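Undergrad: below is the sequence, then the predicted model.
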Amino acid sequence: MKTIIILVAFITLFTNATPIQANPINLNNEEIPCDVLKDAFVGTLLGSIGKVLSQYKDERQFMVDKMLKINRSSWGQYYWETTLKVTTFSGAHNPPYNHYTITFTNQNPEKQIRAIKVIQE
């Protein structure tokens, strides 16, 4: 008798369940703003930027001034090379400033940093 009641309960539960419909967030096929994508991309490199600065014994705060260039690598569509201009500062953006131009790539995971140029003020 218990098994019949449990069987009827399961059948009732599954026949009355409504399917879940997932709607895409982007209904109008609008493109994501470029500045959001750029900020997200640069955000993935913050740890690597910090490692470069620590190699130069510069433990101060930093900001990414601008992305100087980004290119698709000849290795394929998922490989890239980008050059960022980074400035370090003391306190609330106070001098002395050090400017770094750092080129990153994802072609070789062991050697992500391709070139570094330092300008000290």
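TA: Happy to help now that I have it. Numbering: from 1, shown residues only.
Undergrad: which parts of this protein are strands?
TA: Taking DSSP state E as the test, the strands found in the chain are 61-72, 80-90, 94-105, 113-120.
Undergrad: tell me the most buried of those strands?
TA: Comparing those by mean neighbour count (mean count of other CB atoms under 10 Å), strand 80-90 comes out on top with a mean of 18. Just so you know, the C-beta spots here come from the backbone N, C-alpha and C atoms, and that holds for glycine as well.
Undergrad: just the CA atoms of that strand, as CSV, please.
TA: Coordinates of each C-alpha in strand 80-90 appear next as CSV, following Å, rounded to 0.1, in the frame of the first residue of the first chain:
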residue,chain,number,x,y,z
TRP,A,80,47.3,37.6,-28.1
GLU,A,81,50.0,40.2,-27.2
THR,A,82,49.2,43.4,-25.4
THR,A,83,51.3,46.4,-24.2
LEU,A,84,50.1,48.3,-21.1
LYS,A,85,51.4,51.5,-19.6
VAL,A,86,51.4,51.2,-15.8
THR,A,87,52.2,54.0,-13.3
THR,A,88,53.2,53.5,-9.7
PHE,A,89,52.7,56.2,-7.1
SER,A,90,52.7,56.9,-3.4
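Undergrad: average pLDDT for it?
TA: On average, the pLDDT along strand 80-90 is 91.
Undergrad: that strand pairs with which strands?
TA: Paired neighbours of strand 80-90 in the sheet (DSSP bridges): strand 61-72 (antiparallel), strand 94-105 (antiparallel).
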